Each structure stands twice: as structure tokens, then as C-alpha cells.
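**Q** Take this sequence and fold it.
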Amino acid sequence: MKKSYFGFIALALFGTTWLDAFDYKISGKAESFSKFGFNNTPINSTEGKYPTESFVTMVGGLQIDMNLLPQSFSEQSLTGGLGGMVGGLAYDSGRNLIDEANGKPFGSATFNYIGYYAKYDGTAAWQKPDSQYNIGMTQNTRHYVLYNAYLNYDYNGIFGIKGGRYESTADFHSGFTQGFEVYAKISEVKLWWFSSYGRAFAYDEWLYDFYAPKTYTEPSGRVVNLGIHIFKTTWYHNGITIAPFIQFSPKTYTTPAIEVGYDTNPEFDGNGFRSQTTIIGLFSVWDKNVRSGYRYGNQTGADGQTLLIKQRFDINNYNIGGGIYKNFKNANAHMGTYGNPVGIDFWTASVYDIGASISDMMGKDAFTGFLYGGGYYVLGNSKNFGGKLNWGILGRLTTSDRSNEQSIAVNADYQFSSPFQLAVGLKLEYYRDLTKEGYKVGVSGPVPLRPDGSKQPQDISDRSHMMAYIRYGF
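**A** Residues are numbered from 1 along each chain as shown. A predicted model of the protein is given here:
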């Protein structure tokens, strides 16, 4: 009995000492995002007429971040995290819309932002034929996700491995990933391997549970997820970056690529001058299994190439920049829409069009030029609701086989000083979208001739909108 008693005391003291050696932080957030489209055209699926959606979200998240090694391990770190989010729609303009072509409910498409769920591998039975697809998906939304559940080991910045669920840092794989990554750094060269077997969103505008972005159907009919994988080698010296990489998903695509960049002032802190130049080339080859399929209004084809050139100048607290984004063939059919470092939001069209609000700047043979400018001001202090005011303006012109687009957006946001952890933002965007003859709004596949034998006529839609958000952290 005495031996057991002293053993219990020793265990309690050891456990207390063990816990005291680690750090952890519990945090949370409550956020709301709104989009209000200015085009309320009634739906007519036969004519290809659709409104620009309006909706309001409410989401909340809670997570714990942990440092699992004592401070005495100065050259090593082992961190972990666990976090989840729940949310839903406070308002949805598409909930009761009727299709004038047949007089039947069309069904809301806002599940493409909040709650999309077709099972992990996309085989859900509720993905009904076109006329009932929106209704089936809306009735089976999932409004929660466990987005963080990972461990991350790092040894002195020269080797690291991370696995589980966590936010992706891959340029062409945005959101949260389910998988692992490993890196090793030798002098000025960094080798990085990334493998993902799932993707999710946990943001105020987007909330998805984990799903497989790319799948392959075996001859037996079984659907499998073979993952998305990246191997990247980065050489960095005095602001110069040269980074060849390859990204692939077996049975879908293989994309050799190269990134070249130059940063004149990597330690820029808001004072002085900085120039950042980035050039990225993608050279995608599509697997024979997907070549005959249609993506974003055009046939996938055998291959495609993308060229991105962007330039940014910072002068103290002001910035100006621009770039071009050029697709040769259907280059973003399977690569470039699940994440893209172009630096501008290309998910701002109508949710009723192809790809759930995607811009045709990702389309076949598309060419986009864009210019922007902005700045920030630090105002007051926490006692008088001071904070940081950011503002910007962005103009974009896009031509593609499917459509021409012109947009100009003005945005501003204000981040309150600590301890409030409160931020609010607003964007107004003028957006004109001309869908060309032979293509049809809302149809991503081939468009048949009309009953009189003519092609689908061109359509001009106003996709102008306002976006706003409010975010509170604790």
C-alpha cells in the first residue's frame, strides 16, 4: 500500500512537471460573410438566364495549438493542432427560385459556398439529374468540418515533416489538406514533397468537409482517390528564387512547372522601396482518361500551358502592381483552379454558371491583364478604437474562347488594434460578362443547336456585386 501511494505521488508530480513543460493556446473565432448580387434576372434554364446570387453566412471555429517539446529542445520543435468549424446560411436568395422554362423549383446553388457535400469520393446518390441536382445537394449539406488535426516536427530549419489535417501552403492546392509533407534544406536549396488525399474549407465564405478533388474510376466501377502530389526544388539567393516543380494526380494529369522570382527587399517592413517579380510556367499533360471530357465549357484535350507574370512595387505604405495570366488550350482544366498564386479572386461570377462562380480567366485560351493599387494607414490606438485601414482598387480584362469579362473592384477593410481582434471589410465590384455565341450560361459541357438549327446566341450578364465581412477572434 505504501509503495503504491508513493508511486501515485511520483506519477502526479511527474505529470505536472511534464505538462508545465509544454505550451498550448486555445483560440476561437466568429465570422460572417455577405455577398449581394445586383442582377436579379429570373432563371430560365432553356435560354441560359441566371441571376447573381446573394447570401449571408455565419460561422464559428474553435482550436487548440500546442508546443509538445520542452523549451530545452532549442533546435527542435514538435507542434500540433486540433480545430473545428460549424456554420450555415443566415440568408439565401436562391432558396425559392422558380425556373421559368418549366415552372418548377430550380433549387439554390449556394451549397457551393457553404455545406457542399457529395461524400468524400463524390459518389453521393443525391447528385440527381440536372433538373434536381441543386435540390438534392441542398438537402444533404454538411455544415461542419474538423479542419485541423496534425503534428509538425522541425529540426533547426533544415528538416521537417508534417502530417494530418492542416492549412495548405502549396501554391496550386489551396484550403486545408489531408495528407503529409516533408522538406530538407541543404545550404541554399530546399527540397519539398507534398501529398494530399483530401481538401476542405473552413472560412467565412467557404465551408466544405474534406473531399477528394481528383478521383479515378477503375474498370470495376470502384472510385479511388490517388491523391495530388508535388515535388519542388527551390534555390534561393539574395532575393532570387528559381524553383522547378512537378505536380500530378495519377490517372488525371502531370504538370511540370517552373517558378522564377526576384525580390529586391525581402526584409521590407513598410518603409522604403520594394520590387517583387514572379514568373510561373505550367506545362500540363492530361491523362487519356480525361481528354474527351469537358471542363469549364470546353473539351479538356491532350495538354495545355499557362504563363503567369506579375509585378508588385511597394513604396512605404503604398503599393501598385499588375500582371498577365495566359492559358494556351484548356490549361486549367484540372490544374490551377484548386489553388492559384495569381493573387486575385477569380471566384466572383454567378454561382449558377460553370464551376460555381469561377471566372473565365481560367478558361480555354484565356488572356487576362490586371492592374491594382492600394495602401494602408495605422490610426489611433486601442483606447480609441484605433487600428489598421487597408484599401485597394483592382481592374481586370479577360478574353477567352467562351467569354469576355471586364471588372473593376474597390475594397477597404479595418483591423482594430488589440485586444479587440475585430476586423470588418467591404468590396464593391463592377463586373460585365459576355458569354459568346455557341456557349451557354450554366452549361459546362457541349451546347446543342437550338430547335431552329442556330447556335446559342451571345449573352451579356451583369455580375456586379458587393461583398462584406465581419470577423471576431478570441
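**Q** Could you list the residues in contact with stretch 410-425?
**A** 380-382, 385-394, 426-429, 467-474 (CB atoms under 8 Å, 6 or more residues apart in numbering). Backbone N, C-alpha and C define where each C-beta goes, glycine included.
**Q** Narrow those to those in strands?
**A** Under the assignment DSSP state E, these contribute 387-394, 426-429, 467-473 to strands.
**Q** just the buried members of these?
**A** Buried subset of those (neighbour count, 16 or more other CB atoms under 10 Å): 387, 390, 392, 394, 427, 429, 467, 468, 469, 471, 472.
**Q** could you pull out the strands for the stretch 151-300 of the chain?
**A** 159-167, 176-186, 189-202, 207-211, 216-217, 223-224, 228-237, 240-249, 253-263, 273-286, 294-295, 298-299 (DSSP state E, counting those that start in this stretch).
**Q** Please tabulate those strands in TSV, including the columns mean neighbour count.
**A** Formatted as TSV, the strands of the stretch 151-300 of the chain follow (neighbours: other CB atoms under 10 Å):
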stretch	mean neighbour count
strand 159-167	17
strand 176-186	19
strand 189-202	19
strand 207-211	22
strand 216-217	15
strand 223-224	14
strand 228-237	17
strand 240-249	18
strand 253-263	18
strand 273-286	19
strand 294-295	18
strand 298-299	18
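**Q** Of all these, which one comes closest to residue 374?
**A** Of all the strands of the stretch 151-300 of the chain, it is strand 273-286 that lies closest to residue 374, at 14.2 Å by CB to CB.
**Q** could you say what helices and strands the closest one packs with?
**A** strand 253-263, strand 303-315 (3 or more CB pairs under 8 Å, 6 or more residues apart in numbering; DSSP states H and E).
**Q** tell me the mean pLDDT for that strand?
**A** Averaging pLDDT along strand 273-286 yields 99.
**Q** For the residue nearest to the spatial centre of the chain, what are phi and psi?
**A** By CA atoms, centre = their mean, the chain has its centre lying nearest to residue 174, at 4.4 Å. When read as degrees, to the nearest 10, the backbone of residue 174 gives phi -90, psi 180.
**Q** Would you tell me which strand is longest in this protein?
**A** strand 76-92.
**Q** any idea how far residue 89 is from residue 47?
**A** Taking CB to CB, to the nearest Å as the measure, residue 89 falls 28 Å from residue 47.
**Q** correct me, but residue 179 touches residue 199?
**A** No. Residue 179 is beyond contact range of residue 199, at 9.5 Å (criterion: CB atoms under 8 Å).
**Q** got the contact list for the residue nearest to the centre of the chain?
**A** Residue 174 makes contacts with 168, 338, 339, 340, as judged by CB under 8 Å, 6+ apart.
**Q** ok, 7 Å please
**A** Taking CB atoms under 7 Å, 6 or more residues apart in numbering as the criterion, residue 174 is in contact with 168, 338, 339.
**Q** same thing with residue 463?
**A** 39, 52, 349, 350, 431, 433.
**Q** what about 10 Å?
**A** 37-39, 51-53, 348-350, 353, 357, 359, 405, 407, 429-433 (CB atoms under 10 Å, 6 or more residues apart in numbering).
**Q** From residue 93, how far out is the closest residue to it other than its chain neighbours?
**A** Distance criterion CB to CB, 6 or more residues apart in numbering; nearest residue to residue 463, sequence neighbours excluded, is residue 431 at 3.9 Å. Distance of residue 431 to residue 93, computed by CB to CB: 17 Å.
**Q** Then residue 424?
**A** 22 Å.
**Q** Looking at the two, which is more packed in?
**A** Comparing residue 424 with residue 93 by neighbour count (other CB atoms under 10 Å), the higher total belongs to residue 93, at 18 against 15.
**Q** Please name the nearest non-neighbouring residue to the more buried one.
**A** Using CB to CB, 6+ apart, the nearest residue to residue 93 is residue 54, at 3.9 Å.
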